[in-house]
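**Q** Build the 3D model from these lines:
(one chain, ligands or ions: 1)
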Amino acid sequence: MAGTIALTYDDGPHPVWTPLILAALQQRGAHATFFVQARRAVEHRDLIYAMRKGGHEVAFHCLDHVRHSRRGSDGVGADLEIGLELLGQVGVRPCAWRAPWGDETQVTRELAAEWGMRLWGWNFDTHDWRGDSTARMLDSLKAQGGLRDGDVILMHDALGPGALRDGCAATVGLTEGLLQRAAAAGLTAATVSACEGVLA
Ligand SMILES: [Zn+2]
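**A** Predicted structure coming up:
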């Protein structure tokens, strides 16, 4: 039976790593979701256009990469509002949101409802930010039983705070490895939602 997995990438776009990931996805005809940092999206708007052209979902991560539990409700609200304003400048009105470190609070949930956005976590963390090799990350996936229908896989196409690596080459390799395994298991890589609204 056919199923789907969602490859998701946080913290980009990045001018070096995002294009390599997009190329790997395109080679397999796969679609993914990019939870972007808003300032990086504006700075590298060509990559946002490339994501959309490739059928990928552009989703919101943050303006400032700060834990929601460490901010007041005004701070989280302003982060979302200004972030969406910036994404609007590159033609995107996202409907999916992943808080920094997946740290959601009641305020996060209320804002998501108010803005008609769905919050997304993950059920498989590749820990790619730690600097593990592609092989090690694929072994870890295997040890946890491999890919399953409905998996939401957390990766990073850029460096966020706390990253213990210099670049995202291992994530490019991981993307290729995951897509090979998905194909072998009859799983399709799709976006987290089909409801992305794109401004005219
Ligand atoms: Zn992040």
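**Q** Tell me which stretches of this structure form helices.
**A** For the chain, helices defined by DSSP state H occupy the ranges 17-27, 38-43, 45-53, 73-89, 106-114, 134-143, 169-184.
**Q** Can you tell me what sits against the shortest one?
**A** Contacts of helix 38-43 from elsewhere in the structure, counted by CB atoms under 8 Å, 6 or more residues apart in numbering, are 11-14, 47-48, 58, 60-63, 82-84, 86-87, 89-90, 92, 158. Placement of C-beta: from N, CA and C, glycine included.
**Q** Are any of those buried, and if so which?
**A** With neighbours counted by 16 or more other CB atoms under 10 Å, these contain buried members at 11-14, 47-48, 58, 60-63, 83-84, 86-87, 90, 92, 158.
**Q** I'd like to know which of the helices of the chain is closest to the ion.
**A** The ion lies closest, by CB to the ion, to one member of the helices of the chain: helix 38-43, at 10.9 Å.
**Q** so, in contact with the ion or not, the closest one?
**A** No: applying CB under 5 Å from the ion, one finds helix 38-43 separated from the ion by no less than 10.9 Å.
**Q** Can you report how many residues neighbour Asp157?
**A** 29 (other CB atoms under 10 Å).
**Q** Quick one: residues contacting it.
**A** Counting by CB under 8 Å, 6+ apart, the residues that Asp157 touches are 9-14, 17-18, 21, 34, 168, 171.
**Q** now these as TSV including pLDDT and distance to Met117?
**A** Shown next, in TSV, are the contacts of Asp157 (pLDDT from 0 to 100; distance: CB to CB, whole Å):
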residue	pLDDT	distance to Met117
Tyr9	98	18
Asp10	98	16
Asp11	98	18
Gly12	98	19
Pro13	98	20
His14	98	24
Trp17	98	25
Thr18	98	22
Ile21	98	23
Phe34	98	15
Cys168	97	26
Thr171	98	25
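**Q** still on that earlier bit, contacts with the ion among the buried ones among the contacts of helix 38-43, please.
**A** With CB under 5 Å from the ion as the criterion, these include Asp11 near the ion.
**Q** contacting residues around stretch 140-151?
**A** 1, 3-6, 123-124, 126-127, 132, 178, 181-182, 185, 187.
**Q** What residues does this protein have near the ion?
**A** So far as CB under 5 Å from the ion goes, the chain lies against the ion at 10-11, 100, 160.
**Q** re the thing from before, farthest-separated two in the contacts of stretch 140-151?
**A** Greatest spatial distance in those: Met1 and Asp132, 31.4 Å, computed using CB to CB.
**Q** Show me which of these two is the more surrounded one.
**A** Asp132 (18 against 5).
**Q** looking at it, the more buried one is touching Cys168, isn't it?
**A** No: the pair Asp132 / Cys168 is not scored as a contact, 11.9 Å apart, by CB atoms under 8 Å.
**Q** any chance of the helices of the chain in TSV, with distance to Asp149 too?
**A** Shown next, in TSV, are these (distance: least, CB to CB, whole Å):
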stretch	distance to Asp149
helix 17-27	19
helix 38-43	30
helix 45-53	24
helix 73-89	30
helix 106-114	25
helix 134-143	15
helix 169-184	10
